[in-house]
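Enquirer: Generate a structure from the sequence data that follows.
(chains A and B)
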Amino acid sequence: AQSVTQLGSHVSVSEGALVLLRCNYSSSVPPYLFWYVQYPNQGLQLLLKYTTGATLVKGINGFEAEFKKSETSFHLTKPSAHMSDAAEYFCAVSDPNTGNQFYFGTGTSLTVIP
Amino acid sequence: DTGVSQNPRHKITKRGQNVTFRCDPISEHNRLYWYRQTLGQGPEFLTYFQNEAQLEKSRLLSDRFSAERPKGSFSTLEIQRTEQGDSAMYLCASSLANTEAFFGQGTRLTVV
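Expert: Below is the predicted model:
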């Protein structure tokens, strides 16, 4: 069984400040991990993914995330927040052996304060 | 645009009516997923197709819900005898085997 926990349903940062959104997962096998962003009344857009290889992955819009197996974490970071980063962010996990569904966290709403 | 397309974008229906949503996946993707998302929550898995075969269904998918993917291309999700609790965003996604899912814009259903 797989699950995702996102700590902090709401995060506020000042424009230009570091963004840190937390994601911890539970999985019986080494998972594939994803971060998606959702703007109001829109679908989900992939920010980045980890499958195998380098544990630090870079995505679109300056975001990156690091897979830490020992901590079962996949936190999302961005060095400098921009107003356009305000959105809902979802962490997701899938079983690489089956890939028959993606398990999502409950999301973190990011507010950027000018 | 060759992304995932969902129609309609919005649907308002009266309680007890039937509704049908359509999803056109990315053409080369053999996997198709339906999710439901309510306000303030993450997407919840409903069902999954590999080509035309429906391989998995969530326990969330009551008997009033049915999904099809004829010929392994587009998919439809039908809800019969809608209830107010069915009001949600219905998201479709597609993927190749063991890769990320690409999502459509969603269909927002409001049951009045």
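
Enquirer: Identify the residue nearest residue 31 in space, chain neighbours excluded?
Expert: All of this is about chain A. A:Val93 (4.5 Å; C-beta to C-beta, 6 or more residues apart in numbering or on different chains). Backbone N, C-alpha and C define where each C-beta goes, glycine included.

Enquirer: was after chain B, sorry
Expert: Nearest residue to B:Arg31, sequence neighbours excluded (C-beta to C-beta, 6+ apart): B:Ser95, at 4.7 Å.

Enquirer: So what's the residue count around that neighbour?
Expert: 22 (other C-beta atoms under 10 Å in any protein chain shown).

Enquirer: sorry, back to before: phi and psi next, for the residue nearest to A:Pro31.
Expert: Per-residue torsions, A:Val93: phi -130, psi 150 (degrees, to the nearest 10).

Enquirer: Identify the residue nearest the residue nearest the centre of chain B in space, chain neighbours excluded?
Expert: The centroid of chain B falls nearest to B:Trp34 when counting by C-alpha atoms, centre = their mean (3.6 Å). The spatially closest residue to B:Trp34, leaving aside those adjacent along the chain, is B:Leu46, at 4.3 Å (C-beta to C-beta, 6+ apart).

Enquirer: pretty sure the one you found contacts B:Cys23?
Expert: No - the pair B:Leu46 / B:Cys23 is not scored as a contact, 11.6 Å apart, by C-beta atoms under 8 Å.

Enquirer: Quick check: bridge partners of the residue nearest to the centre of chain B?
Expert: Beta bridges link B:Trp34 to B:Thr47, B:Cys92, judged by DSSP bridges.
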